[in-house]
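In: got a predicted model here, sequence first, then my questions.
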Amino acid sequence: MHYFWIPIIRKVSPRKFWNYFPARIRKQMEIDEDLMQYTKEDLVLKIHSMRTHIRQLERIKEKKDVKPRQLDLSRFGRRKIALKVAYLGSNYAGFADQVGQDVVTVEGKLQEALSKSRLSVYFDKVTGRALGLEKSGRTDRGVSAFGNVISLTVRCRESSGLGVTPRTSIEENSEDLEVNNDEIDYVNLINKNLPHDIRILAWAPVDNDFSARHSCTYRMYKYYFPRSDLDIETMNLAAKKFIGVHDFSNFCSPSADFPETQRAVLLSLISPFDVTADNDQPSSIYTFTIASLGFLYHQVRCMMGILYEIGKGSEQSTIINDLLNLEKYPIKPTYNMAIEYPLVLYECVYPDTVKWIISEHSTNNLINIFQTQWCEMAIKQTICSEALSIVSQGTSTDSMLKVDHEKIHVFKLFRRYNTFLEDKNIVDDSMKMEIQTKLNDLIEKYSSDYFNNVNVDQLVEYCNPQSSSGFQRGVLSAKSSSLLMGSQRSKKYTPIAQRKISMPTAKKSCERKRKISE
């Protein structure tokens, strides 16, 4: 006997009996019961609608199954180009791809854009990633760039020019033959497939032996920081000591990729960001600018960490000379690096033969994108400044509007007039008119002098950006600036010159460096 006849034998209620049916059978019985209520014409219409829906689903499935049309690269020539890239690094784990790690990088986004635009000539057939892509600078996590450069070989329309290799097959009567000889707008085409915090600024035709890394004349970094109560003049004098050819082993993080630690620094200085503004305020922004033929791992951040200690007075400017002398400091002493997000790869400079090109349309698009980002960040900066100003005022609760709370209450009553009548179930029109007349009298009495009690002087001072805010009062002290510079420590800072060097540790470090160089 089937299991769902058992309730009949046991004389259970109809509701419990219905629950003994499997869910699939119950659902089918409900559908059948609904269909029995339809007329013949309704059933015909329902069948037609179902057929239409099935056709739509089949079309969607066909579109998903269709593979993208393969681009015949033989119809195009190829050329090597350089691309100038700008990006905000706060959302990325550095520029270069990190093999075996599931992280988002700038190079990964560029590879995706090149794959979608189908520009790269040499690419991996499995992953679709461009091959032979070279980069001028490998910025770390959180570091931004205004002028990083990459180079690769892409398809082109032109049949002649710098770095152009003509198409391999030409059919005279082919309908697919490219008639327009204008070059592809590489900037606009790639930017369409990039996120808004990564932009291609310009492109340049280059020789086939051009290398974005090795053809670069020099690279320039800028590090932005607030003045706070730092000694800027002493920091600037110390920064100039980096100029020249030195061994920067004590100003970098050890890396097997950089066994040679000598670098030539061409420029090193600290200057105000806005030379026309009053730069004596604690909130004034300064920049540490450094240009070199090449940089070591974390070199700029280590330099800035030492300069920050000099600006605070924790170190003397002579510590720069001491750390550049490996006989005095054979191993790198412990100190804090500056944090990463104020650091920007400002530009990568190449010989004059590299001519950068950008169309007017692409320029307008870039201006719109950067204006939008500037507006968003400027509003956030203003909100933070306002919050800092309010916090710096302490527990003061003074308002810029001096009003009577009873007057405000009258306005609230008038605004809720209709809801008030409905809640009290007032139906009599005469009573409604009486209540409304009283409210109008109160509003007329108070509205004439509603804004008379506003303290105009206080309002002007409150809205004046030059008024005494948290920044002007020096709230941005050395302590808050230390959070920005990454010098977060609980122990008292000990100058490097006063520390003891463990000679066994120094010998081990020298042996390790020797092995890396070998």
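Out: Yep, that arrived.
In: who's in contact with residue 53?
Out: Applying CB atoms under 8 Å, 6 or more residues apart in numbering to residue 53 gives no contacts. Any C-beta I mention is one placed from the backbone N, CA and C, and that applies to glycine too.
In: oh, I was asking about residue 265
Out: Here residue 265 is in contact with 242-246, 290-292 (criterion: CB under 8 Å, 6+ apart).
In: what is the longest helix anywhere in the chain packed up against?
Out: Using DSSP state H, we find that the single longest helix of the chain is helix 360-392. In terms of contacts (3 or more CB pairs under 8 Å, 6 or more residues apart in numbering; DSSP states H and E), helix 360-392 is packed against helix 186-191, strand 198-205.
In: returning to that earlier point: just the closest of the contacts of residue 265 to residue 343, please.
Out: For the contacts of residue 265, the closest approach to residue 343 (CB to CB) belongs to residue 290, at 10.4 Å.
In: roughly how far does the closest one sit from residue 258?
Out: Separation of residue 290 from residue 258 (CB to CB, to the nearest Å) stands at 17 Å.
In: neighbour count: those two, which is higher?
Out: Neighbours per residue (other CB atoms under 10 Å) separate residue 290 from residue 258, with residue 290 holding more: 25 against 18.
In: just give the closest residue to the more buried one, not the sequence neighbours.
Out: residue 268 (4.8 Å; CB to CB, 6 or more residues apart in numbering).
In: looking at this protein, which helix or strand is least sure?
Out: helix 456-463 (a mean of 40; mean pLDDT, DSSP states H and E).
In: residue ranges with poor pLDDT in this structure?
Out: 1-35, 63-74, 123-128, 168-181, 394-432, 434-436, 438-491, 500-518 (pLDDT under 70).
In: for the longest strand along it, packing partners?
Out: If you go by DSSP state E, the chain has its longest strand at strand 144-156. Packing partners of strand 144-156 (3+ CB pairs under 8 Å, 6+ apart): strand 77-87, strand 134-135, strand 343-349.
In: again, only using 6 Å
Out: strand 77-87, strand 343-349 (3 or more CB pairs under 6 Å, 6 or more residues apart in numbering; DSSP states H and E).
In: what residues does it touch?
Out: 76-89, 119-122, 130, 132-137, 139, 210, 212, 344-348 (CB atoms under 6 Å, 6 or more residues apart in numbering).
In: with stretch 246-255 instead?
Out: Against stretch 246-255 from outside (CB under 6 Å, 6+ apart): 261-263, 296-299, 302-303, 323-324, 326, 329, 332.
In: I'd say residue 301 and residue 336 touch.
Out: No - counting by CB atoms under 6 Å, residue 301 stays clear of residue 336, with 9.5 Å between them.
In: compare these two and say which is more crowded by neighbours.
Out: residue 301 (24 against 18).
In: thinking again about what came up before, strands - which of the contacts of residue 265 land there?
Out: 244-246, 290-292.
In: okay, now residue 45: neighbour count?
Out: Counted with other CB under 10 Å, residue 45 comes out at 12.
In: still on that earlier bit, would you format the helices and strands packed on helix 360-392 as CSV with distance to residue 307 and mean neighbour count included?
Out: Converted to CSV, those look like this (distance: least, CB to CB, whole Å; neighbours: other CB atoms under 10 Å):
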stretch, distance to residue 307, mean neighbour count
helix 186-191, 37, 21
strand 198-205, 30, 21
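In: can you tell me the SS state at residue 270?
Out: strand (DSSP: H, G, I helix; E, B strand; the rest coil).
In: and it, how far is that from residue 433?
Out: From residue 270 to residue 433 the distance is 75 Å (CB to CB).
In: mind checking which of these two has more residues around it?
Out: Neighbours per residue, other CB under 10 Å: of residue 270 and residue 433, the larger number sits with residue 270, 24 against 10.
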